[in-house]
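Enquirer: here is my input, please return the structure:
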Amino acid sequence: QVQLVESGGGMVQAGGSLRLSCTNSGRTDVAYAMGWFRQAPGKEREFVATINGRGSSTDYADSVKGRFTISRDNAKNTVYLQMNSLKPEDTAVYYCAQRTGVLRSRWGYDYWGQGTQVTVSS
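Expert: Numbers count the residues shown, from 1 in each chain. From the prediction side, this is the model:
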């Protein structure tokens, strides 16, 4: 059973930083690829970042490249999203997700967390 729990969301002013965490409290015998997605009000959910099982390969949406960093600590079963230089357009509910595979991808996620709200004020 996979249980993903996000934390670290909140409200921050433009230019500020937040770090999101996602911990898998369920089955953890394999380090699967993980991803972060977000959904703003009235918009579809969109890809933000992904990381492979080993943590050696990452990919980012163009809108966050150079500002966000995805990382993982497999010993803690946790994936992080460090968000710097935040903009009001980054405001959204952020979700972490897990694929049944070790390669990073922008698609094909099977398990999702409940989401954490990030609000960036101007």
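Enquirer: CA only for contacts and neighbour counts going forward, please
Expert: Will do.
Enquirer: number of residues surrounding residue 46?
Expert: 15 (other Cα atoms under 10 Å).
Enquirer: what's it in contact with, if anything?
Expert: Residues near residue 46 by Cα atoms under 8 Å, 6 or more residues apart in numbering: 37-39.
Enquirer: next one: residue 52 relative to residue 30, how far apart?
Expert: Using Cα to Cα, to the nearest Å, one obtains 12 Å as the distance from residue 52 to residue 30.
Enquirer: neighbour-wise, which of these two wins?
Expert: The neighbour comparison of residue 52 against residue 30 (other Cα under 10 Å) goes to residue 52, with 22 against 12.
Enquirer: that one and residue 100 touch, don't they?
Expert: No - between residue 52 and residue 100 there is no contact, the gap being 11.2 Å when judged by Cα atoms under 8 Å.
Enquirer: shared neighbours, these two?
Expert: Common neighbours of residue 52 and residue 100 are listed as 32-33 (criterion: Cα under 8 Å, 6+ apart).
Enquirer: okay, now the unreliable bits of the chain?
Expert: 27 (pLDDT under 70).
Enquirer: that's all I had, so thanks and see you.
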